[in-house]
Every structure is written in structure tokens, then in C-alpha cells.
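S.K.: fold the following for me, if possible:
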Amino acid sequence: MDALTRERTLIGLDSETGLDLEPAQRPTRDEAMAAVRTLLAWAGDNPDREGLLDTPQRVVDAYGEWFAGYRGDPVEALSRTFEDVQGYDDMVMLRGIDVQSHCEHHMAPFLGKAWVAYMPTGKVVGLSKLARLVEIFAKRLQTQETMTMQIADAIEDHLSAAGVAVLIDAEHQCMSTRGVRHHDVSTITTQFRGVFRTDKVLQQRFMDLVTRK
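M.R.: Residues are numbered from 1 along each chain as shown. Model prediction:
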């Protein structure tokens, strides 16, 4: 599956045919605010009371920030690379990248950290671009498992890395604030590609750096 196909899968798959779905028609801002008013009324409140008059506008603005990843391009984020690295061929790792995402099942936040590493093969990408890549995928409706794979896929595909390692540790409010209501439970997902999968010493080195204070 190439990167473009992976991007299309973010739109969704038809549950019966398994085929990619086309993007939904984006509503207008006024239509989005009207939907918020409907939800406020459904919750049992009065959208016309003073404290809620500006809530639809604020929610739509917040959604623009929370889901800005749909307007981001992972390929562009990784497009600028540097080859003058004096032959550097060891692990490049970013530790503790903030993850602020929303569960696609309940649209509830899940918050945590990501650790991302890759083994370059002659070129490296700017460090801020790795953090930007995580942000692009996080700021979409997600499952943590899918997001972990998407980050690894993008780095593996577009940097031609010899290996990629990704670990995400996050707490899901869909579990802590509703349903079973279990607090202080975090979810850990990992992806190891290339030499990080085949070289257990390198994989352990990555995990040691994840846990190092």
C-alpha cells in the first residue's frame, strides 16, 4: 500500500465493499454552528440562553484547531531533507512529542506522548518536521493503533529509512470519563520497521531511551 493509498484510507472504507469512500461534502460554517445548537438542545439545555449564545462559534473554532491535521500533508512535512550529515548513520530520535488527538468512536480526547526514531540512509529530515508529522496525524479523528502505523508508514516511505520505531503512550478520555470510567490507565502502541524489527539490540536501545528520565 503506497502513501497516497494510506492517505485515502483516512477518508474511510465502506464496511460492505471494502472500497475507499469519497470525502464527505464539507458543510458551511453556519451549518456546523447549527449542528452544535442541535447538540446543545439534545443535551437538554437552551441554545438561546446567554451563556450558550456564542458556544456554537467557539466549538467550530475549536474544531478547526483540533482537526487541523486534515489540512496537513505528511509528504510535504517530510519533503525537505539534508544530505550533508558527515556520514551520520545512527539512530535519530525525538522523545516525548505531545500527542493531542480525538477518538474516532466517541470524539473524546486522548492525550499523551510519542517517541519516534529512524535510521537514516544518507539523508535526514529537520527535527521539527518529525514533530509536525505526529501533529498532522494526531489532529484527525483517530485510533491510537492506526495513528502509530501512519507515522511509521510515512517515515519509512518518504525518508527511505533503514528502520523506524514509534511508541505512543496516551490516556483515553472515552474510557476515563464514560463507560468503565477507569482513570490513570494509559494505552501503549508500538511499531518497529526494518532494522528496528530485526535487530533486537537496537530495538532494546530504543526502548531504553524511551524510559530514560
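S.K.: centroid-nearest residue for this protein?
M.R.: Using CA atoms, centre = their mean, the residue of the chain that lies closest to the mean C-alpha position is Ala138, 2.3 Å off.
S.K.: around Asp73, count how many other residues there are.
M.R.: Other residues lying near Asp73 total 11 when counted by other CB atoms under 10 Å. Where you see a C-beta, it was placed from the backbone N, CA and C, and this is true even at glycine.
S.K.: that one touches Ile136, doesn't it?
M.R.: Yes: at 7.4 Å, Asp73 and Ile136 qualify as touching, with contact defined as CB atoms under 8 Å.
S.K.: now for the residue nearest to Gly69 when sequence neighbours are not counted: which residues touch it?
M.R.: Distances taken as CB to CB, 6 or more residues apart in numbering place Lys139 nearest to Gly69, at 3.3 Å, with adjacent residues excluded. With contacts defined as CB atoms under 8 Å, 6 or more residues apart in numbering, the neighbours of Lys139 are Glu65, Trp66, Phe67, Ala68, Gly69, Tyr70, Gly72, Gln100, Ser101.
S.K.: among these, which two are most distant?
M.R.: Based on CB to CB, the longest span within the contacts of Lys139 runs between Tyr70 and Gln100 and measures 14.7 Å.
S.K.: now do the strands in the chain.
M.R.: Counting by DSSP state E, one finds strands in the chain at the ranges 81-82, 92-103, 109-119, 124-125, 141-142, 163-172, 187-194.
S.K.: now the first one: mean pLDDT?
M.R.: Yep, that's strand 81-82 we're talking about. Throughout strand 81-82, pLDDT has a mean value of 87.
S.K.: give me the contacts around that strand.
M.R.: Counting by CB under 8 Å, 6+ apart, residues outside strand 81-82 touching it are Lys123, Val124, Val125, Gly126, Leu159.
S.K.: just the pLDDT for the second one.
M.R.: I take that to be Val124. Residue-level confidence at Val124 comes out at 89, pLDDT.
S.K.: shouldn't it be in contact with Val92?
M.R.: Yes: taking CB under 8 Å as the definition, Val124 is a contact partner of Val92 at 6.0 Å.
S.K.: still on that earlier bit, let's have the contacts of strand 81-82 in JSON lines, adding distance to Thr146 and neighbour count.
M.R.: Listed next are those as JSON lines, based on distance: CB to CB, whole Å; neighbours: other CB atoms under 10 Å:
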{"residue": "Lys123", "distance to Thr146": "27", "neighbour count": "14"}
{"residue": "Val124", "distance to Thr146": "26", "neighbour count": "19"}
{"residue": "Val125", "distance to Thr146": "22", "neighbour count": "22"}
{"residue": "Gly126", "distance to Thr146": "25", "neighbour count": "13"}
{"residue": "Leu159", "distance to Thr146": "20", "neighbour count": "22"}
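S.K.: columns distance to Asp199 on top of those, output as JSON lines?
M.R.: Below are the contacts of strand 81-82 laid out as JSON lines (distance: CB to CB, whole Å):
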{"residue": "Lys123", "distance to Asp199": "21"}
{"residue": "Val124", "distance to Asp199": "20"}
{"residue": "Val125", "distance to Asp199": "22"}
{"residue": "Gly126", "distance to Asp199": "26"}
{"residue": "Leu159", "distance to Asp199": "18"}
